[in-house]
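# This is a predicted model, with the sequence first.
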Amino acid sequence: MNIPGPSLDSLIHRLGECPPEFLELTMEESRGTEILIAILGDTFMEYGEHNPWQAEDPFHDQLRHKPTDASVRRHRGLLGVIAWLLFDEWFQQNASMASRAWPWMRGEEVLELSQLVRPELFTSDMDRREELVRVLLASMDVRPAGETIEQSRDRMATLDSVERSKVVQATKAAERRAREIRKAMAQKAALESASRYGE
Amino acid sequence: MYLSGRTFKPLTLFRSSVFSVTGVSLEYRPIVEKWTAAWPAAIAHWSSYVQLHEPIWCMSIAAEERESLTGSFAMIRLVDHAVVISLRQIVELGLQDFAEEILAHEIGHHVYCPADLNDNARMLARMRRGLPGCEAYAPMVGNLYADLLINDRLERSKALRMSHVYQRLNQPNQKSRLWRMYMRTYEILWSLKRGILASGEIDSRIEVDAVLASRLIRSYAKDWLEGAGRYACLLLPYVSEEQEAAREAMKLWGDAIQCGKGGEPDGVAEIDEGELDGSIHPAEDPELSGLDPVDLDEQSTPGTGKVDSRFSGRKSIKSFRDPVEYAEILKASGSTLSEREVAAKYYRERAIPFLIPFPERIMSVASDPLPEGLDAWDPSSELERIDWLGTLLASPEVIPGVTTKERMYGNSPGSDPMRDPIDLYLGVDCSGSMSDPAYTFSYPILAGAVIALSALRAGARVKVVLSGEPGRTVATDGFLRDSKLVLMALVNYLGTGYSFGIHRLAETFSESQNVAKPTHVLLLSDYDMFTMLDEDSNGVSGWSVAKMAASACEGGATYVLQLPGFDQDHRSRFQSHLDRMRQDGWHVHLINSMEELVGFTRSFSRQRYHER
């Protein structure tokens, strides 16, 4: 996040304009993988990666593996949305920066994010749109224009879905316990109410 | 010193800056002028069409106490649409420069959340459901929730400095986790630097809860009632852990905790559909958590055909709360009604959807009223009888009882038949076997309320006799037209004896004397009525009195019996009693459920009791 980058608002706006058809195409069961491989290949070749896909790239297998699985479909969907975002004017003008995202896109972080949040939320939900823009920029060591490093880190921490997921899971467990207590209390109250009958 | 906005009217003169505030000490004159001038601008932040009288400015502790302003420096009252501001505290806290912010916030409570007594009560009902074991804190949580909604709107859309007000008053190293989470919510909502409002340690739980709260506030800003239960569930762990410490932390900001004091909210007997579904923790709501972990059985095509119940077009079955919960919600919302007044209100709310056309006599001879000049109206007469045109023509200065006139009417033969409702005698079994209707929902009492209110609506008079004998009996003072008195009598409870004293009917009805007006007799009782009918009093059996009353009342008679567990065994045991009741001229209805109640009201409305 050391390098000041593009306007946050313009990238968030671009995500909102991602056509649903584009997302559906990359999530398609039959042709989705091939379409996505082509889109990503073209994008990163545009940004200076001479040969984004290695021969028999294991990442291909990751995208093809069990094509009907929801997890793979989501993974492809998120990669498609990121590809759409990467076609913004700022990235085109800063190709060397944009190309830094390639290893990150192939890594675990994107995969993990895709398993927690539906891809369509990255185009419809304001917080998730902002989160995706920020993590993409962070992968290039870039922060949104007009922000300090500290502000940028703070906002990233607030929007972090992975971290939120851990706490939400713990909260759900606590909530389940609370619900059981509530149920027991309601039963107790009903018994007390019944015992009042005829007093 | 104390200054009420209702009597202090220098607003237009303040605007022209020529008015000197009289009656206000020199110390407070500048701030009174400044804050009064800010009032129109504060209103305009919501709508220039909002009509609220100027705030009540308090400038001494005595004035604050008179207005029941305790703890906070400002408050609202929904009952009289008042805003009360302690300028004494405003000066002490150094908030003089935030007139528009504080006034716009208080106005927001009047026009946005909770806005009125009914929505305030409905919000509290939802919050109580989300705060099991901590229901007493629902008003506090409701206040926090409403403040979030209002402040977010004012800071973001109206560019008011709400965050600066909090900054001015916040203490460093805030001990309350709830307050830290609450302040962190504002920081997230307004993209403020961490630590500007929330002081002390912010652990991951606080952080995530604050994120959930901020999403909740944005998601439910337009339908805030739907989000109330979720917000309460979110705050439950904090409230149950801190309890009074949490209350202490937000004491200064408790401007709407008692906003419903003295009010009588309506429509609380029914449980809103969203009240049951909405009491979920925001973490359980994927819309709010933004998380929807992958499900390996997830279908490839989006949408599962599930439709939100609000848009399904299907009617849902209404559910109602019991009288105890109803009373608790009214109390939480600030109602000062007595226990019996609350119970009467409860049964009125439950009865209103079932009101029926009450039986009436149709007279063949009818007449139309014929105006016949004016007579003096005096205060003992009904207010609606005043003829205002006649009064003002007599004297432009109206002096009640002196210049007031009422029109006199004669009769002229009319063309329509005259309708005259029959009166109602309502006998209620208040013995030990009948439960107290203020604590346990009673179908017979509801049936009685339906019939009594239907009768009063039709213009009939109602007499209520409570009886638990041997023991006590209480009755209204004759046949009344006042629905409040009738319902209050109906929901009263004696708890003596074993049944309604059927011999009491002889006090009102007699074979030898005709009733002044045909009257329907409705008795609400249970199994013990069968025993009571077999009892003798002065050598006269209960059966004889019942038969005589059914005949003498000239308007028909009905038993409504609550017979829990009435099955084939009971039927064979009591069938002869039921048959005899019918032979003696009584209608008999057994009511143990809502379906039976509806069947009874339908049947009752179709009867022609006064026709033989």
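Cool, got the structure. Numbering: from 1, shown residues only, chains lettered A, B, ... in the order given.
# What's the local residue count around residue B:432?
Counted by other CB atoms under 10 Å in any protein chain shown, the residues lying close to residue B:432 total 16. Backbone N, C-alpha and C define where each C-beta goes, glycine included.
# err, residue B:565, not the other one
Residue B:565 has 8 nearby residues by other CB under 10 Å.
# Run through the helices of chain A in chain order.
For chain A, helices defined by DSSP state H occupy the ranges A:8-16, A:20-27, A:32-46, A:58-64, A:70-86, A:89-93, A:95-99, A:101-105, A:108-116, A:121-124, A:126-139, A:149-159, A:161-196.
# Show me what the shortest one is packed against.
Counting contacts by 3 or more CB pairs under 8 Å, 6 or more residues apart in numbering or on different chains; DSSP states H and E, helix A:121-124 is packed against helix A:8-16, helix A:70-86, helix A:126-139.
# Listing request: residues of chain A with sub-threshold pLDDT.
Residue ranges of chain A with pLDDT under 70: A:65-68, A:182, A:186, A:190, A:193-199.
# so what are the domain limits for it?
A:3-159, A:163-199 (automatic domain parsing).
# picking that back up, turn the helices of chain A into CSV, columns for mean neighbour count.
Converted to CSV, these look like this (neighbours: other CB atoms under 10 Å in any protein chain shown):
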stretch, mean neighbour count
helix A:8-16, 17
helix A:20-27, 17
helix A:32-46, 18
helix A:58-64, 14
helix A:70-86, 23
helix A:89-93, 15
helix A:95-99, 17
helix A:101-105, 18
helix A:108-116, 17
helix A:121-124, 21
helix A:126-139, 22
helix A:149-159, 17
helix A:161-196, 14
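# who wins for proximity to residue B:547 among the ones you listed?
Evaluated over the helices of chain A, closeness to residue B:547 peaks at helix A:161-196, with 37.0 Å, by CB to CB.
# Write out the residues of the stretch 151-300 of chain B neighbouring chain A.
Residues of the stretch 151-300 of chain B found near chain A (CB under 8 Å from any CB of the partner chain) are B:188, B:191, B:193-194, B:204-205, B:207-209, B:211, B:215, B:233, B:236-237, B:281, B:283-284, B:289-298, B:300.
# any idea which helix or strand carries residue B:588?
strand B:586-590 (DSSP states H and E).
# so residue B:438, which of the three states?
With DSSP: H, G, I helix; E, B strand; the rest coil as the basis, residue B:438 sits in coil.
# Kindly reformat the helices and strands packed on helix A:121-124 as TSV containing distance to residue B:48.
TSV is the format used below for the helices and strands packed on helix A:121-124 (distance: least, CB to CB, whole Å):
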stretch	distance to residue B:48
helix A:8-16	32
helix A:70-86	43
helix A:126-139	31
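# My guess is residue A:110 contacts residue A:75. True?
Yes. Using CB atoms under 8 Å, residue A:110 is in contact with residue A:75, at 7.4 Å.
# centroid residue for chain A?
residue A:113 (4.6 Å; CA atoms, centre = their mean).
# Can you lay out the helices of chain A as a markdown table showing distance to residue B:54?
A markdown table is the format used below for the helices of chain A (distance: least, CB to CB, whole Å):
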| stretch | distance to residue B:54 |
| --- | --- |
| helix A:8-16 | 41 |
| helix A:20-27 | 53 |
| helix A:32-46 | 63 |
| helix A:58-64 | 67 |
| helix A:70-86 | 53 |
| helix A:89-93 | 53 |
| helix A:95-99 | 59 |
| helix A:101-105 | 59 |
| helix A:108-116 | 52 |
| helix A:121-124 | 45 |
| helix A:126-139 | 39 |
| helix A:149-159 | 41 |
| helix A:161-196 | 45 |
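# Of all the ones you listed, which one comes closest to residue B:83?
helix A:126-139 (33.8 Å).
# what does chain B have sitting close to chain A?
B:132-133, B:188, B:191, B:193-194, B:204-205, B:207-209, B:211, B:215, B:233, B:236-237, B:281, B:283-284, B:289-298, B:300, B:302, B:322, B:324, B:432-433, B:435-436, B:439-440, B:495.
# Among those residues, the buried ones, what's the PyMOL command?
Buried members of the residues of chain B next to chain A, defined by 16 or more other CB atoms under 10 Å in any protein chain shown, are picked up in PyMOL with:
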select buried, chain B and resi 132+188+194+205+207+208+209+211+215+233+236+237+281+283+284+289+290+291+294+324+432+433+435+436+439+440+495
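# Take the residues of chain B next to chain A and keep only those in helices.
B:188, B:204-205, B:207-209, B:211, B:215, B:233, B:236-237, B:289, B:324.
# Out of those, which is nearest to chain A?
residue B:208 (3.9 Å; CB to the nearest CB).
# For the closest one, which non-adjacent residue is spatially closest?
residue A:167 (3.9 Å; CB to CB, 6 or more residues apart in numbering or on different chains).
# residues touching that neighbour, list them.
Contacts for residue A:167 (CB atoms under 8 Å, 6 or more residues apart in numbering or on different chains) come out as B:204-205, B:207-208.
# would you list those residues in TSV and tack on pLDDT?
Conversion of the contacts of residue A:167 to TSV gives the following (pLDDT from 0 to 100):
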residue	pLDDT
B:204	88
B:205	88
B:207	91
B:208	89
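# Among the residues you listed, which pair sits farthest apart?
Once CB to CB is applied, the contacts of residue A:167 give B:205 and B:207 as the farthest pair, at 7.2 Å.
# between the helices of chain A, which one is nearest to residue B:383?
helix A:161-196 (43.9 Å).
# chain center to that closest one, what's the gap?
Relative to its parent chain, helix A:161-196 has a centroid offset of 31 Å by CA atoms, centre = their mean, to the nearest Å.
# which residues does residue A:12 contact?
Taking CB under 8 Å, 6+ apart, we find residue A:12 in contact with A:126, A:129-130, A:133.
# Closest one to residue A:88 out of these, please.
Closest to residue A:88, out of all of the contacts of residue A:12 and judged by CB to CB, is residue A:133, at 9.6 Å.
# Find the nearest non-adjacent residue to that closest one, please.
Residue A:133 sits nearest to residue A:11 (CB to CB, 6+ apart), 4.4 Å away.
# re earlier: test my guess that the residue nearest to the centre of chain A contacts residue A:78.
Yes. In terms of CB under 8 Å, residue A:113 counts as a neighbour of residue A:78; the distance is 6.5 Å.
# could the contacts of residue A:167 go into TSV alongside distance to residue B:392?
As requested, these are arranged in TSV below (distance: CB to CB, whole Å):
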residue	distance to residue B:392
B:204	74
B:205	70
B:207	69
B:208	69
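# Which positions in the helix or strand where residue B:375 lies come out as buried?
For residue B:375, the host element (DSSP H and E) is strand B:367-376. Within strand B:367-376, the residues scored as buried using 16+ other CB under 10 Å are residue B:374.
# Then stretch B:237-252?
Buried, per 16+ other CB under 10 Å, within stretch B:237-252: B:237-240, B:242, B:246-247, B:249-250, B:252.
# farthest-separated two in those?
Taking CB to CB as the measure, those have their most distant pair in B:237 and B:252, spaced 23.2 Å apart.
# Show the backbone phi and psi for the single nearest residue of the stretch 51-200 of chain B relative to chain A.
Proximity of the stretch 51-200 of chain B to chain A (CB to the nearest CB) peaks at residue B:132, 4.2 Å away. Reported as degrees, to the nearest 10, the phi and psi values for residue B:132 are phi -60, psi 130.
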